[in-house]
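I'd like to go over a predicted model; first the sequence, then the structure.
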Amino acid sequence: MSAVTRSATRTPATGLGVQGLPRIARGEGSYLYDTAGKRYLDGSGGPAVYAIGHAHPAVNAAIGRQLEDVAHGYRYFFTSDALESLSARIVANCENHFPHMVFVCSGSEAVESALKIALQYHDARGDTSRRRFIARERSYHGNTLGSLSVSGFEQRRAPFEGALLEVDFVSPANAYRPPPDARGGDLGTWLRDELENRILEIGPERVAAFIFEPVVGAAGGVVPPPPGYAAAMRDVCDRYGVLMIADEVMCGAGRCGTWRALEFDGVVPDIMTLAKSLAAGYLPLGATLYSSRVHAGILERYPEVQTGHTFTAHTACCAAGDAVQKIVADEGLVERVLRVGETFKASLRSELEAVDAVGDVRGRGFLVGVELVADRDRKTPFPRERGLSADIARRAFDSGLVCYPCSGHVDGAGDTIILAPPFNSSQRELDAIVDMLKGAILSALG
């Protein structure tokens, strides 16, 4: 290897627990390779994005064909085969609940569009006072000002306070760490009452929507809700004319073992966002889906939804998403995630049971969180200064495993490692993820 190549291998940048980022060279299936030739098993799909692994020939070919024809036909002048095919797949995957959608280029933009659609819906119906959103603490919905405003993620909000929207927050739906007042009772009922009381405090005529992640991602370290939670929230929203927005940017498009994460809960929101697993990182793509009721409400006053931008429904991006979703459907990968995801979590629990610092292994499908605690019985987090999740992630990375650390979900402390492997990961690869993560945890604790 030349001196030039060696010096280009690492940069001074700092990643998620990794000091000095290696330079990526190529990907193949569940593996990535840097310019030094080192191989990494992608145990978290990056940030829960790479649903079918890297460099899939069918997706690359579909993108290439689209680029040979036309890269981008402006959405407001043209439709396209790629757009129409992907839209039809999404409608079918959502069981016709969402016949209307806007395509964007990121999850943040998808959430931003969801907020705007909710506001436009109420405005069109004459409910012009409905301008407030209710969200949850320990949530993350994106990095635009609007999506950040509805994020209960103090570390990411802090530099922008004073410029964000006024948003009301209710408690996280975390059965492992319930609110103090809810301990010993039915958590779902307590959270339902909290949301209803907050709506009444604000005034129902002022509340536009309630937004939540069906399974919380980076802000909480993968937190599925308690049974019945989503249905209870749906009931409260319906009672007061409040729209329900399900942010499925991380947990949707099959990641949890059902194509819609909320399908598991038997609940249909009014508006839903998608991104990460939709085009699986091959090209940037997100989507905001909304119901016929919302669409009809907007049309009472406006000719169309007033959101979108230059690259809305970018043709090549839609071609990538369509190719990814065809593979997911043809290979039955969502069903595989549901089936194999249970054995994956069971394997993690079994291998980590003897590690006293592992407090909880939770999640759905191929979205799993491993929470670390200083005291398992008391669920006491490690001190923030310890930086344990970042330490584990760095050690895993050095050994050739990519995992996603998150911290701060317990009053600024708290450590969780997120695993979100590709849907088509082999059993051998899943076993290796478990083994390598266990090694990194023991190394960090030792």
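Yep, that arrived.

helices of the stretch 1-150 of the chain, start to end?
3-9, 45-48, 57-69, 81-93, 107-124, 145-149 (DSSP state H, counting those that start in this stretch).

do the stretch 151-300 of the chain as well
Counting by DSSP H, counting those that start in this stretch, the stretch 151-300 of the chain has helices at residues 154-157, 187-202, 229-239, 276-279, 292-299.

and of those, who's closest to residue 75?
For the helices of the stretch 151-300 of the chain, the distance to residue 75 is smallest for helix 276-279, at 16.0 Å, taking Cβ to Cβ. Heads up, the C-betas are built off the backbone N, CA and C, glycines and all.

now for that closest one, which elements pack on it?
Contacts defined by 3 or more Cβ pairs under 8 Å, 6 or more residues apart in numbering; DSSP states H and E place helix 276-279 against helix 45-48, helix 315-330.

6 Å instead?
In this structure, helix 276-279 packs against helix 315-330, with contacts taken as 3 or more Cβ pairs under 6 Å, 6 or more residues apart in numbering; DSSP states H and E.

give me the distance between the closest residue to residue 442 other than its chain neighbours and residue 372.
If the residues on either side of it in the chain are set aside, residue 442 comes closest to residue 355, at 6.9 Å by Cβ to Cβ, 6 or more residues apart in numbering. Going from residue 355 to residue 372 by Cβ to Cβ, to the nearest Å gives 9 Å.

now do residue 164
31 Å.

neighbour-wise, which of those two wins?
residue 372 (27 against 14; other Cβ atoms under 10 Å).

please, which helix or strand holds residue 335?
Following DSSP states H and E, the helix or strand that holds residue 335 is helix 333-352.

give the buried residues for that helix.
333-334, 336-338, 340-341, 344-345, 347-349, 351-352 (16 or more other Cβ atoms under 10 Å).

now distance to residue 66 and pLDDT too, for those, in CSV please.
Formatted as CSV, the buried residues of helix 333-352 follow (distance: Cβ to Cβ, whole Å; pLDDT from 0 to 100):
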residue, distance to residue 66, pLDDT
333, 22, 98
334, 24, 98
336, 27, 98
337, 27, 98
338, 31, 98
340, 32, 98
341, 32, 97
344, 34, 98
345, 37, 98
347, 39, 98
348, 39, 98
349, 43, 98
351, 43, 97
352, 44, 98
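
and which of the residues you listed is nearest to residue 284?
Once Cβ to Cβ is applied, the member of the buried residues of helix 333-352 that ends up nearest residue 284 is residue 333, at 21.3 Å.

nearest to residue 362, out of the helices of the stretch 1-150 of the chain?
For residue 362, the closest of the helices of the stretch 1-150 of the chain is helix 45-48, at 14.7 Å, according to Cβ to Cβ.

who's in contact with that closest one?
With contacts defined as Cβ atoms under 6 Å, 6 or more residues apart in numbering, helix 45-48 is touched by 250, 276, 420, 422.

sorry, back to before: now do the shared contacts for residue 355 and residue 372.
Common contact partners of residue 355 and residue 372 (Cβ under 6 Å, 6+ apart): none.

neighbours of residue 424, just the number please.
Residue 424: 18 neighbours (other Cβ under 10 Å).

quick one, what contacts the nearest residue to residue 143 once chain neighbours are set aside?
With sequence-adjacent residues excluded and distances taken as Cβ to Cβ, 6+ apart, residue 143 is closest to residue 108, at 5.1 Å. Residue 108 makes contact with 142-144, 147, according to Cβ under 6 Å, 6+ apart.

now do the strands in the stretch 151-300 of the chain.
167-170, 207-212, 243-247, 271-274, 286-290 (DSSP state E, counting those that start in this stretch).

so for residue 34, which of the helices of the stretch 151-300 of the chain sits nearest?
For residue 34, the closest of the helices of the stretch 151-300 of the chain is helix 276-279, at 22.7 Å, according to Cβ to Cβ.

who touches that closest one?
Applying Cβ under 6 Å, 6+ apart, the external contacts of helix 276-279 come out as 48-49, 51, 249-250, 253-255, 285, 320-321, 324.

looking at the residues you listed, state which has the most neighbours.
Using other Cβ under 10 Å as the neighbour test, the contacts of helix 276-279 are led by residue 321, with 32 neighbours.

list the contacts for that one?
By Cβ under 6 Å, 6+ apart, the contact set of residue 321 is 86, 278-279, 285.

kindly report the same for residue 254.
With contact taken as Cβ under 6 Å, 6+ apart, residue 254 is in contact with 277, 328, 334.

angles on the backbone of the residue nearest to residue 442, please.
Note on residue 355: its backbone torsions stand at phi -90, psi 110 [degrees, to the nearest 10].

per-residue pLDDT, it?
Predicted confidence (pLDDT) for residue 355: 97.

what's the neighbour count on it?
Around residue 355 there are 15 residues (other Cβ under 10 Å).

tell me the domain boundaries of this protein?
Listed by automatic domain parsing, the domain ranges of the chain are 3-56+332-445, 70-330.

mean pLDDT for those: which is lowest?
Sorting the domains of the chain by mean pLDDT places domain 3-56+332-445 lowest, at a mean of 92.

and residue 323, what does it touch?
Contacts for residue 323 (Cβ under 6 Å, 6+ apart) come out as 58-59, 62.

now those: which count as buried?
Listed as buried from those are 59, 62; burial here means 16+ other Cβ under 10 Å.

from residue 272, how far off is the residue nearest to residue 259 when sequence neighbours are not counted?
In this structure, residue 259 finds its nearest non-sequential neighbour in residue 93, 4.3 Å apart by Cβ to Cβ, 6+ apart. As judged by Cβ to Cβ, residue 93 and residue 272 stand 11 Å apart.
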